[in-house]
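Asker: Predicted coordinates and the sequence they were generated for:
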Amino acid sequence: DQQVKQNSPSLSVQEGRISILNCDYTNSMFDYFLWYKKYPAEGPTFLISISSIKDKNEDGRFTVFLNKSAKHLSLHIVPSQPGDSAVYFCAASASGGGADGLTFGKGTHLIIQP
Amino acid sequence: DTAVSQTPKYLVTQMGNDKSIKCEQNLGHDTMYWYKQDSKKFLKIMFSYNNKELIINETVPNRFSPKSPDKAHLNLHINSLELGDSAVYFCASSQAVAAETQYFGPGTRLLVL
């Protein structure tokens, strides 16, 4: 039972263009969402997060949008750079659910083409 | 300085053996976790540990046991290793049990033959 879904296993984007990574969730108790970036043979690195009281959070080239009614979030990267090539994981938690850990999606492999 | 570190990075062992993976965090965090990333690439929580309170995911076999000598360390012991235990194991930590942002170690790649 996948509570967090990333339906695109991979995405190829040209350098300089916008990358949009999507994530859907089914558990309505989730109220905090995170994006992690992972390079091969390394652990996931925290990128950006958003609380359910917001619908947008921006940090430099990275913006996360949350649509609670659709149970959907997306990560926008603009402009995309070669160093952005990595696997991006969407994760969610429920009310200070640190003790329950984060629920992760399967990841989307983003490839930035020169 | 590495915030969350794990040793060893790679571990190859025979079925039936007992092994340990060590994790240390120098972030001063109160809560630590172990995750397993299986062959299908899903990252799933195994344990969380905060101030000597252990919360176990009920799907984790009791052959797996976390041990915390102090707040900065959470080691993972695995008894009677099975083929299906082959995976990448990630340690993580967060400021407090209610803090959602977790910081991950580099992972330990376990292969059971």
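Answerer: Received the coordinates, thanks.
Asker: so where is chain B shaky, pLDDT-wise?
Answerer: Scanning chain B for pLDDT under 70 picks out B:1-2, B:97-99.
Asker: Could I get the full set of strands for it?
Answerer: Along chain B, counting by DSSP state E, strands occupy B:4-7, B:10-13, B:19-25, B:31-37, B:43-50, B:53-56, B:64-70, B:73-78, B:87-94, B:103-104, B:108-112.
Asker: Dump those to a markdown table, plus distance to chain A and mean neighbour count.
Answerer: From N, CA and C alone the C-beta is placed, and that goes for glycine too. Formatted as a markdown table, the strands of chain B follow (distance: least, CB to the nearest CB, whole Å; neighbours: other CB atoms under 10 Å in any protein chain shown):
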| stretch | distance to chain A | mean neighbour count |
| --- | --- | --- |
| strand B:4-7 | 7 | 19 |
| strand B:10-13 | 10 | 14 |
| strand B:19-25 | 11 | 20 |
| strand B:31-37 | 6 | 25 |
| strand B:43-50 | 3 | 22 |
| strand B:53-56 | 5 | 14 |
| strand B:64-70 | 13 | 14 |
| strand B:73-78 | 13 | 19 |
| strand B:87-94 | 5 | 24 |
| strand B:103-104 | 4 | 22 |
| strand B:108-112 | 8 | 18 |
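Asker: can you redo those strands as CSV with distance to residue A:85?
Answerer: Putting those into CSV (distance: least, CB to CB, whole Å) gives the following:
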stretch, distance to residue A:85
strand B:4-7, 23
strand B:10-13, 24
strand B:19-25, 28
strand B:31-37, 19
strand B:43-50, 20
strand B:53-56, 35
strand B:64-70, 34
strand B:73-78, 31
strand B:87-94, 20
strand B:103-104, 19
strand B:108-112, 21
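Asker: Please identify which of these is closest to residue A:106.
Answerer: strand B:43-50 (8.8 Å; CB to CB).
Asker: which non-adjacent residue is nearest residue A:13?
Answerer: Nearest residue to residue A:13 in three dimensions, chain neighbours excluded: residue A:19, at 4.5 Å (CB to CB, 6 or more residues apart in numbering or on different chains).
Asker: Based on its surroundings, how many neighbours for the one you found?
Answerer: Residue A:19 has 24 neighbouring residues, counting by other CB atoms under 10 Å in any protein chain shown.
Asker: Does chain B have contacts with the lowest-mean-pLDDT helix or strand in chain A?
Answerer: Within chain A, no helix or strand scores below strand A:103-104, which has a mean of 90 by mean pLDDT, DSSP states H and E. Yes - Strand A:103-104 lies within reach of chain B by CB under 8 Å from any CB of the partner chain, at A:103-104.
Asker: cool, stretch A:61-69 as well?
Answerer: No - when contact is scored as CB under 8 Å from any CB, no part of stretch A:61-69 falls within range of chain B; the minimum is 13.2 Å.
Asker: which residues does the most centrally placed residue in chain B bridge with?
Answerer: The residue lying closest to the centre of chain B (CA atoms, centre = their mean) is residue B:34, at 3.1 Å. For residue B:34, the beta-bridge partners under DSSP bridges are residue B:47, residue B:91.
Asker: wait, doesn't it sit right on residue B:89?
Answerer: Yes - Residue B:34 is in contact with residue B:89 according to CB atoms under 8 Å; the separation is 6.4 Å.
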